[in-house]
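Student: With the input below, show me the fold.
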Amino acid sequence: MIIFFYPYKFDIQNGANRRIEFLSNTLIKSGIPYKIVNHSVLMDTLTPFENKLFFIGVRRLVYFLYIYRILKNDNVKMVSEVAFAPTWLNNFFLQVHDLKAFDSTHSRGGLLRKYSYYIFIKLASNIIVGAKFVKREISEICHISPEKITIILNGIDNHRLDIANTVEAQDIIYDFIYVSGFAQHKRHDLLIKALPAGSKLCLIGQDLGALDSIIELIKSRDGEVSVDVFNSVTSDFELFSLIASSRYCVFTSSYEGFGIPILEYLSLNKYIVASRIPAFIEMSDIINEFFDVDDLNSLQVILERLYKTQETRSNDMLDFLYHGRYSEDSIARKLKNL
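Tutor: Alright, predicted model coming up:
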C-alpha cells in the first residue's frame, strides 16, 4: 500500500494537489494499491491525543506523530511533502517541490522553517523531486548524496488529457493567459506592465497574498488593457476551455520547482512564453520563447511582436504528453521502480 499524504484541503488550482493526484493516478494501471490522505481523511483517522494537539494548533507535531504511527507497518510506504516527519524511515519518501525555504526572496517562512526543513531533508532516506536543478540544489545546499534523490517528472494524466481533447475549437477571447497562484514571486506585475495597449489578458489562480496588489496594478492600466481575473475555476473542462480561448500562454514566475501549467498549455498545443529560470530551461524543447525575468523590456518586445503578428506554434509537441518523458506511462514506470 502506498499512501500519498497531503494533509491540506484540495483545490483544483493548487500545483501540489495536482502533483499528488497525478502521481497517484499513474499507479492505477500498475495495480498497486494506494490511498490519498488529505485534510478530511486525516481528521477521521487521528487518535484522541492527536486531535487535541491539532485543535490547539500544534499541527506539525500531529503530522509527525501520524506519519510515524502509520509507517510502523512495514507493508506501507508513504509519499509526502510534509518535511516535519520521520524522514529517516526507509518507507518514507519525501517529495521536495523546490527549495524556496532557503531563498529569502521567495520564502514564506522564517529561520525556524528554514533550519527545520534543512534538518529533515538532511535526514531523509528517500527524496523525490520533479526537476534536475532541484536535485542539484538539494545535493549542494544540504550536502546529500545524489543517489538518495530520484527525479520523477510531473505530467498530465490521461484522464485530464481526455478532458483537454473534448474542448472544441474556441473563438479567441484573450490574447494572453497566465495560470498560476497570485504570489509575489509569480511576477504577475511584469506581465501586466508588459501588456501591449489594446490587448486582453486572462489570469487564473488562487490568492497567495498578492492579489490585492495585482488588482491595483490592473486598475492603473484601466483603459489601456483588459484583464479578467478568475480566483477559481469549477472544473478542468473550464480551465482547458479558457486556455483554448487564449492565443498565447505565459509564465512569468521568478522561481518554480516545475510549472505544471506549461504542460496544460502544451496539451492544447499553445504558443508558450516563459521566464528564463532553471525549471523552465529544462523544458526548453516545449517552450517557444524565453525572456529575462529581471528585464521588463525583453518581455514587452516579445508580447508586442506576438500581439501584432499572431504567431502560432509550428511544431506539434503533444507526443511528450502521450508517449514521451511527461507521459503517464513513463512516470508510472519510474514511480513503480522506486
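
Student: In a helix, residue 138, correct?
Tutor: Yes. Counting by DSSP: H, G, I helix; E, B strand; the rest coil, residue 138 is located in a helix.

Student: What about it, how many residues nearby?
Tutor: When neighbours are defined as other C-beta atoms under 10 Å, residue 138 has 24 of them. Glycine gets a C-beta too; all of them are placed from N, C-alpha and C.

Student: which residues in the protein form strands?
Tutor: For the chain, the strands defined by DSSP state E cover 2-5, 34-37, 77-80, 92-95, 127-129, 149-151, 174-179, 200-204, 226-230, 246-251, 271-275, 289-291.

Student: Residue 124 and residue 113: what is the separation?
Tutor: 16 Å (C-beta to C-beta, to the nearest Å).

Student: go on, residue 160?
Tutor: 32 Å.

Student: So these two - more neighbours on which side?
Tutor: residue 160 (23 against 16).

Student: What separation do you get for the nearest residue to that one once chain neighbours are set aside and residue 163?
Tutor: In this structure, residue 160 finds its nearest non-sequential neighbour in residue 236, 5.6 Å apart by C-beta to C-beta, 6 or more residues apart in numbering. Residue 236 sits 5 Å away from residue 163, taking C-beta to C-beta as the criterion.

Student: Give the full set of residues in contact with the nearest residue in space to residue 158 that is not next to it in sequence.
Tutor: Of all residues beyond its chain neighbours, the one nearest residue 158 is residue 328 (5.1 Å), with distances taken as C-beta to C-beta, 6+ apart. Listed by C-beta atoms under 8 Å, 6 or more residues apart in numbering, the contact partners of residue 328 are 22, 25-26, 29, 155-158.

Student: try 10 Å
Tutor: Taking C-beta atoms under 10 Å, 6 or more residues apart in numbering as the criterion, residue 328 is in contact with 22, 25-29, 155-161, 321-322.

Student: Generate a PyMOL selection restricted to the buried entries among those residues.
Tutor: A single PyMOL command selects the buried members of the contacts of residue 328 (16 or more other C-beta atoms under 10 Å):
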select buried, resi 22+25+26+27+155+156+157+158+160+161+321
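
Student: Out of the contacts of residue 328, which one has the weakest pLDDT?
Tutor: Within these, pLDDT reaches its minimum at residue 29, with 70.

Student: unless I'm mixing things up, it is touching residue 335, no?
Tutor: No. Contact criterion C-beta atoms under 10 Å: residue 29 and residue 335 do not qualify, at 11.4 Å.

Student: Next, show the common contact partners of residue 236 and residue 163.
Tutor: Residues within reach of residue 236 and of residue 163 at once, by C-beta under 10 Å, 6+ apart, are residue 156.

Student: how near is the nearest residue to residue 156 once chain neighbours are set aside to residue 256?
Tutor: Of all residues not flanking residue 156 in the chain, residue 263 sits nearest, at 5.2 Å (C-beta to C-beta, 6+ apart). Distance of residue 263 to residue 256, computed by C-beta to C-beta: 12 Å.

Student: Same check on residue 308?
Tutor: The value you get for residue 308 to residue 256, if C-beta to C-beta is used, is 29 Å.

Student: Ok, residue 75 next?
Tutor: Per C-beta to C-beta, residue 75 is found 35 Å from residue 256.

Student: and what of residue 207?
Tutor: 18 Å.

Student: Same drill for those two, tell me which one is more crowded.
Tutor: Neighbour count, other C-beta under 10 Å: between residue 207 and residue 256, residue 256 has more, with 28 against 16.

Student: Assess the claim that that one and residue 280 are in contact.
Tutor: Yes. Between residue 256 and residue 280 there is a contact at 7.0 Å, judged by C-beta under 10 Å.

Student: what's the overlap in contacts for the two?
Tutor: 131, 262, 274.

Student: Make CSV from these and add pLDDT and neighbour count to it.
Tutor: Shown next, in CSV, are these (pLDDT from 0 to 100; neighbours: other C-beta atoms under 10 Å):
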residue, pLDDT, neighbour count
131, 92, 23
262, 94, 23
274, 97, 27
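
Student: Rebuild the residues you listed as JSON lines, extending it with distance to residue 118.
Tutor: Listed next are the shared contacts of residue 256 and residue 280 as JSON lines, based on distance: C-beta to C-beta, whole Å:
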{"residue": "131", "distance to residue 118": "19"}
{"residue": "262", "distance to residue 118": "29"}
{"residue": "274", "distance to residue 118": "29"}
